[in-house]
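Engineer: coords please:
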Amino acid sequence: MADYLLFATERYALPILQPLAQALQAAGHGVHAWFADGAASARLPEPVRMVGLREAVALRPRAVFSAANWVPPFVSGAKVQLFHGFNVEKRDDARGHFRVRGLFDLYCTQGPATTAPFVELAARHRHFAVVETGWPKLDPLFRDDDGAAAALRAPADGRPVVLFASTFTERLSAAPHLFEAIAAEVARGDRYWLLTLHPKCPPALFERYRTLEGPNAAFFETEQLVAAQRAADVLVADTTSVVSEFVVQRKPVVTFRNRAPKPHMLDFDDASALPQMLQRAFAPTPELQAALAAYADAIHPLRDGRASERVIAATEDLLAGRLGPLRSKPWGGRLRALQIRRELGYWGPGG
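Structural biologist: Numbers count the residues shown, from 1 in each chain. Next up is the predicted model:
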């Protein structure tokens, strides 16, 4: 039995890591988790063992799986990047999704749209490998093993279900602008609403949206997001990466002032138009359906719910040398490693 470490810095990483933890446990491995920063107080269900920084170093895991944009380099084992979302073009590529920080040995990509750019970067840098595995977070999207999606949908009592999700980035968030329009839709009651906000949204927004709970709407926390996506028929959102996650199911999405609107989105910029946009979403044209399918196949074509198993297999291939030799990490990565030690206040042994 080998020991593996899961690493996160935000609560929204938990649904990414949980399916992987289950797959590791099913294979008979020891699974440990060290959460820092915004995820420091979060936990994964037993038998995952929560550890601190020094325990993580002493563990000497076979691999560290990170759902953050960095990983503690002084912890031993292969460093595997799982990503904390899809590329939704919030920033330019050099600062965003395709930024190479010199910390990871393996990038487990979600689909061709992500794989191709990272394969090109790997050929240039030669200090990391790339394998298209699919995204562990979406494993439950295609399985619903525990019936969570069915439970969220049950109160709809046969009505269509709309999911609302919003990013925390103030200039991109739909939550402050759509509240009144959503409240009116909830009050009408012809559809059932599932409501959530990014954990970093202001507390006042959480309070406003929670007031909509009742026979026509439910508010849920981010840990239930994947189940809610499976339960819903249509998504209303903004530039959040939830849009891409939802589209993987080939279901319609209505976006408010999306930063980079695409043919698979029904984008609008006037809150009063929400009822009309919902009507279009619930009666998608053949052109919209084709755009949804094309985008889903580009970002995440694997629909078997076994991304976690492929991540584990890719990691074993890396460790066995089957992905080829890698160069040592560049100077920038070593400098970042020193910065991470300083930020965490750790100057002990490691690696």
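
Engineer: next, count neighbours for A156.
Structural biologist: Neighbour count of A156, defined by other C-beta atoms under 10 Å: 19. For every residue, glycine as well, the C-beta is placed using N, CA and C.

Engineer: can you report phi and psi for it?
Structural biologist: Dihedral angles of A156 (phi, psi; degrees, to the nearest 10) stand at phi -70, psi -20.

Engineer: how much space between the nearest residue to it once chain neighbours are set aside and E185?
Structural biologist: Excluding the flanking residues, the one nearest A156 by C-beta to C-beta, 6 or more residues apart in numbering is Y192, at 3.5 Å. Distance of Y192 to E185, computed by C-beta to C-beta, to the nearest Å: 10 Å.

Engineer: intersection of neighbour lists for the two?
Structural biologist: V162 (C-beta atoms under 8 Å, 6 or more residues apart in numbering).

Engineer: isn't the residue nearest to A156 right next to V162, touching?
Structural biologist: Yes - when contacts are counted by C-beta atoms under 8 Å, Y192 is listed as touching V162 (7.3 Å).

Engineer: list the contacts of the nearest residue to Y12 once chain neighbours are set aside.
Structural biologist: Nearest residue to Y12 in three dimensions, chain neighbours excluded: T222, at 5.3 Å (C-beta to C-beta, 6+ apart). By C-beta under 8 Å, 6+ apart, the contact list for T222 reads 11-12, 14-15, 196, 198-199.

Engineer: what helix or strand does the residue most central in space within the chain sit in?
Structural biologist: Nearest to the geometric centre of the chain sits G85, at 3.8 Å (C-alpha atoms, centre = their mean). Assigned by DSSP states H and E, G85 belongs to no helix or strand.

Engineer: and the nearest residue to it once chain neighbours are set aside, how many neighbours?
Structural biologist: Nearest residue to G85, sequence neighbours excluded (C-beta to C-beta, 6+ apart): S241, at 3.4 Å. A total of 20 residues lie near S241 under the criterion other C-beta under 10 Å.

Engineer: measure the spatially closest residue to Q110 that is not a sequence neighbour to S272 for me?
Structural biologist: In this structure, Q110 finds its nearest non-sequential neighbour in W135, 4.5 Å apart by C-beta to C-beta, 6+ apart. Plainly put, W135 is 36 Å away from S272 if you go by C-beta to C-beta.

Engineer: the two: which is more packed in?
Structural biologist: Applying other C-beta under 10 Å to W135 and S272 shows that W135 carries more neighbours, namely 28 against 10.

Engineer: got a pLDDT number for the more buried one?
Structural biologist: For W135, the pLDDT comes out at 97.

Engineer: so it is in contact with H300, correct?
Structural biologist: Yes - counting by C-beta under 8 Å, W135 does reach H300; the two are 6.4 Å apart.

Engineer: overlap in contacts of these two?
Structural biologist: Contact criterion C-beta under 8 Å, 6+ apart; residues shared by W135 and H300: Q110.

Engineer: so the residue nearest to the centre of the chain touches L225, yeah?
Structural biologist: No - between G85 and L225 there is no contact under C-beta under 8 Å: 11.4 Å.

Engineer: so what pLDDT did H97 get?
Structural biologist: The score at H97 is 58. That number is its pLDDT.

Engineer: next one: F86
Structural biologist: pLDDT recorded at F86 is 87.

Engineer: the closest residue to it other than its chain neighbours: what's it in contact with?
Structural biologist: Distance criterion C-beta to C-beta, 6+ apart; nearest residue to F86, sequence neighbours excluded, is S244 at 3.7 Å. Residues in contact with S244, defined by C-beta under 8 Å, 6+ apart, are 85-88, 295, 299-300.
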